[in-house]
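Engineer: Below is the sequence, then the predicted model.
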Amino acid sequence: MMQPPDLVQRVLAAAIAARVTPGGVVAVGTSAAAAYSLALGHVTYANGAAPVKADTIYDLASLTKPIASVPASPRA
């Protein structure tokens, strides 16, 4: 059975390969400590783009509607 960190890495790598995103950061933990973090890919699709780092900052403004809508939608 695949361990969660391996699965997270494979899913993020597949998304990058499929050009869903140029890169990403996944962090799991509590307010006290990070249990797991992964940074893969680049900040843009441009040639020579900087690699994503664990402290890369993303603009999440465009995610307001999807993040607010999903919890508010009725369950099937």
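Structural biologist: It's in.
Engineer: Would you map the strands across the protein?
Structural biologist: Ranges of strands in the chain, per DSSP state E, are 23-29, 34-41.
Engineer: first vs last residue of stretch 45-58, how far apart are they?
Structural biologist: Here the two ends of stretch 45-58 are set 15 Å apart, with distance taken as Cα to Cα, to the nearest Å.
Engineer: can you check stretch 16-27 too?
Structural biologist: 17 Å.
Engineer: tell me which residues in it are buried?
Structural biologist: 16, 22, 23, 24, 25 (16 or more other Cβ atoms under 10 Å). From N, CA and C alone the C-beta is placed, and that goes for glycine too.
Engineer: and which of those residues is nearest to residue 74?
Structural biologist: residue 24 (29.5 Å; Cβ to Cβ).
Engineer: Report the beta-bridge partners for the closest one.
Structural biologist: Note on residue 24: beta-bridge partners by DSSP bridges are residue 40.
Engineer: now it: how far from residue 33?
Structural biologist: According to Cβ to Cβ, to the nearest Å, residue 24 and residue 33 sit 21 Å apart.
Engineer: can you give me how far the lengthiest helix in the chain is from the chain middle?
Structural biologist: In the chain, with assignment by DSSP state H, the single longest helix is helix 4-17. Centroid separation for helix 4-17 versus its chain: 9 Å, with Cα atoms, centre = their mean, to the nearest Å.
Engineer: contacting residues around it?
Structural biologist: 2, 21, 22, 23, 24, 26, 36, 38, 40, 41 (Cβ atoms under 8 Å, 6 or more residues apart in numbering).
Engineer: Cool, thanks, talk later.
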